[in-house]
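Colleague: Below are the sequence and a predicted model; questions follow.
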Amino acid sequence: MPVSKKILSISNFNKSLLHFLKYSLFFSIPLIIAYCILETVALNLPISYKVVGNYLQSNSQKIEIMALGSSQVKCGFNPEFCDKTAINLASTSQHHKEDFLILQGTIDRLPNLKYILFEVSYMHLELPYHENDYWKNTIYLKYYNVNAFERATYFKDKLLYLSNARFFSAKIRDYYICKDDKSQFNKFGFDTNKYYGSFNTLNYDTLKIADNKFKIYTHENLAIFKKNTAYLFEMLDYMQNKNLKVILCTLPLYKTYLKERNPNIVHRRDSVLEIVKRKYNNVVLLNEETDTLNFTVKDFLNENHLNPDGAKKFTAMVNRKLDSLN
C-alpha cells in the first residue's frame, strides 16, 4: 500500500508540473512574439549607427581617416567636408575605452587607414569608463562587427532592443508613432539637420542663453585622472606602433560653458596635452575649445555641441591639420 501511494504522489507531481509548463508556455508565447516584433522594429529604425555601419562595410578599402570620440565629435566632424575619405565613429557618451576597442576591432579591415582624429575634452580624463556590459557594446557588435564586451559574446549580446529598452522605445515612439524624428543622415551617418537644440529653441538670443541652465561636470577625481591618463598613453603608443598620424583635438565650447569649467580639471588636462605634444612626433593638437572668434552662437547646438554649420567650420580646420601632417 505505501508503494501505491508513492506512485500516486509521483503521478500527481508530474501532472502538476505538466500543467505549470502548459500555463507558462501559454503566457510566454505572446511575450516572445511581442519581443520579436519590437526587435524587428528596432532593427529597422534609421539610426545613425546603422548608416555608419553600412558605410564602414562598403568603404573599408578607401577610408583614410577615422574620427573617434563622444557626442562632441559626432556633432562636430562631418566626413562629407573632409578632404580625405573619412568615417566618424564617435557617439554620445563614448569614452576612450570604447574608442580604443573600436579602433582595434576595425583596423584590420581598413588597409588604407592613415589618420586618427580623437578628442580629449574638458572632462575626458576625470570621467570613469563604462562597465564591460555597457549597452552600446551591442550596437558596436551589431553594426560595426566589433566585440567591445572584452569576452566571448552570447546570443543575448546581439539583441538590440533588449540592450536598452528605454532608448529604443523612445526611438520607436518618435519615428513611428509621433513622427517627429527630424534626423536627416547623409551617407556618412552625420545628421545634417541637427539644429534643434537649446540654442535654436532660444532663437540664438545671447541674453537668454546667458541665463540658460545646463549640465556641466566639475567634480575632480585624481584616481580616475591617473588611470585615464595611463590609458590615453597606451592608446597613443598603439597608434604610433601602427604608423598612424593622430590629430588630438578639443572642440569649441560656448562662452557660458567655458566660464563654468573647473580650472583644476582644465589645468591637469592641458598639462597632459603638453606631454603628448613633446612625446609623440606623430601627433598634432587641434585645440579649439576656447575659440570664440571663429565660432559664434549660430554655430552651436547647445553650450558644448556644434550644429552642422559649426561642424563644417571644424572639419575645415581638420583639413588644414591633415595638410600639415603631410
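Modeller: Thanks, I have the structure now.
Colleague: So which bits of the helix or strand hosting residue 200 are buried?
Modeller: If you go by DSSP states H and E, residue 200 is part of helix 198-201. By neighbour count with 16 or more other C-beta atoms under 10 Å, helix 198-201 contains the buried residues 198, 199. For the C-beta atoms, the positions are set from N, CA and C on the backbone; glycine is no exception.
Colleague: repeat for stretch 212-230
Modeller: In stretch 212-230, counting by 16+ other C-beta under 10 Å, buried: 221, 225, 228, 229.
Colleague: any chance you could read off phi and psi for the second one?
Modeller: So the one you mean is residue 225. With angles defined as degrees, to the nearest 10, residue 225 sits at phi -60, psi -50.
Colleague: out of the buried residues of stretch 212-230, which one sits closest to residue 311?
Modeller: Among those, residue 228 lies closest to residue 311 (C-beta to C-beta), at 26.1 Å.
Colleague: For that closest one, which non-adjacent residue is closest in space?
Modeller: Closest residue to residue 228 in three dimensions, ignoring its sequence neighbours and counting by C-beta to C-beta, 6 or more residues apart in numbering: residue 125, at 4.6 Å.
Colleague: right, and that neighbour touches residue 230 too?
Modeller: No: when contacts are counted by C-beta atoms under 8 Å, residue 125 is not listed as touching residue 230 (10.2 Å).
Colleague: show me what contacts the closest residue to residue 112 other than its chain neighbours?
Modeller: For residue 112, ignoring the flanking residues on the chain, the nearest one in space by C-beta to C-beta, 6+ apart is residue 64 at 5.5 Å. Taking C-beta atoms under 8 Å, 6 or more residues apart in numbering as the criterion, residue 64 is in contact with 84, 85, 86, 112, 113, 114, 115.
Colleague: Make a ChimeraX selection of the buried ones in these.
Modeller: Of the contacts of residue 64, the buried ones can be selected in ChimeraX as follows, counting by 16+ other C-beta under 10 Å:
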select :84,86,113,114,115
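Colleague: rewinding a little: just after the helix holding residue 200, pick out the following helix or strand.
Modeller: Of the helices and strands lying after helix 198-201 in sequence (DSSP H and E), the nearest is helix 206-210.
Colleague: can you pull the buried residues of that following helix?
Modeller: Residues of helix 206-210 classed as buried under the neighbour-count rule (16+ other C-beta under 10 Å) are residue 209.
Colleague: What of stretch 106-124?
Modeller: Using 16+ other C-beta under 10 Å as the burial criterion, the residues of stretch 106-124 that qualify are 106-107, 110, 113-124.
Colleague: among those, which are in helices?
Modeller: With helices taken from DSSP state H, the overlap with those comprises residue 106.
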